[in-house]
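Asker: Would you be able to build a 3D model of this:
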Amino acid sequence: MQNGTKISHYLNLIDGRYIDLASQQFVDGTIFTDPMPKKKSFSSTREYCLSNENTNNRYKILKTKFAKYIYYGLPRQITNYQFQCHTSIFYGCMTKSFILKIMNKQEIIEIQKRILDLVPNKSGIYLKYCCSEISRLIIKWLWDYNKSYKFYILKGFCVMGGKMSHDILAIEEDNGYLIIDPTIWQFFPDASTILVYEGSSLDAGIDKIKNKYNCTWVLEKQEKVPSTLEQKKQLEIINSNINDNIKEFI
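Answerer: Take a look at the predicted model:
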């Protein structure tokens, strides 16, 4: 630590990559030593950590909350710090596909935060008419997390029985598909997540959003990662539309 204090810290090594979801608890300038296993007389670092009664109790509470999070979204009562703490131990009993699912959820939470940072008071209702640009803008954000992702725009027509069209983003990954609606709040103001589908079948995902949005969807061509110039133009259009929307609500 910056004050000279030394503390222990745990993280995961998955497929040769270090995953540390609790690093945000440390201030800038904190020095980390090279990670090493800490087993002592136990078979693994995880078993050693869980041999502590307090750690084991915290792990069980987190495990229950995490299970609810995976299936129902992040509960309001779980803070960002609680979400990050002790995930190293929790990961130890998960399959690789389940770990990837957790990582996807964390990515989406961070992408959603970046989207809402674009608007005053983090109010998603100001993102009306921004769906096309934001769906393409966040391709670069997601690609920075995982360069193996493939991206497709899904275009809906006569959304919610009206005359509006709407663009959302489908993401293809090794284990299936994610469908996210970056401007979901213009139709569902109380939505808590931009994730509208996660599963192994894109057709099943399209069927789900047909029912949710009461409209027909068309899968467009695979999208490329936008260039720096394209991102700049997208942000200019987004900011202009947000300003127009603010005037409308005043």
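Asker: Could you use CA atoms for every contact and neighbour count after this?
Answerer: OK.
Asker: give me the element Cys49 is part of.
Answerer: helix 45-50 (DSSP states H and E).
Asker: In that helix, which residues are buried?
Answerer: For helix 45-50, the neighbour count (16 or more other Cα atoms under 10 Å) marks Thr45, Arg46, Glu47, Cys49, Leu50 as buried.
Asker: go on, stretch 150-162?
Answerer: Under 16+ other Cα under 10 Å, the buried positions of stretch 150-162 are Lys150, Phe151, Tyr152, Ile153, Leu154, Lys155, Gly156, Phe157, Val159, Met160.
Asker: residues making contact with that stretch?
Answerer: Applying Cα atoms under 8 Å, 6 or more residues apart in numbering, the contact partners of stretch 150-162 are 135, 139, 163-173, 187, 213-224.
Asker: Among those residues, name the ones in strands.
Answerer: 166-173, 216-223 (DSSP state E).
Asker: Among the residues you listed, name the buried ones.
Answerer: Buried, going by 16+ other Cα under 10 Å: His166, Asp167, Ile168, Leu169, Ala170, Ile171, Glu172, Thr216, Trp217, out of the ones in strands among the contacts of stretch 150-162.
Asker: before we move on, the earlier item: among the buried residues of stretch 150-162, which ones are in strands?
Answerer: Per DSSP E, the subset of those in strands is Lys150, Phe151, Tyr152, Ile153, Leu154, Lys155, Gly156, Phe157.
Asker: Tell me the spacing between the fourth one and Ile139.
Answerer: Meaning Ile153. 10 Å (Cα to Cα, to the nearest Å).
Asker: just to revisit the earlier point, quick check, nearest of the buried residues of stretch 150-162 to Lys128?
Answerer: Nearest to Lys128 among the buried residues of stretch 150-162: Val159, at 13.1 Å, using Cα to Cα.
Asker: Please report how far that closest one lies from Ile237.
Answerer: 22 Å.
Asker: just Thr30 next, same as before
Answerer: 39 Å.
Asker: More neighbours: which of those two?
Answerer: Taking other Cα atoms under 10 Å, Thr30 and Ile237 do not tie; Ile237 has more neighbours (16 against 11).
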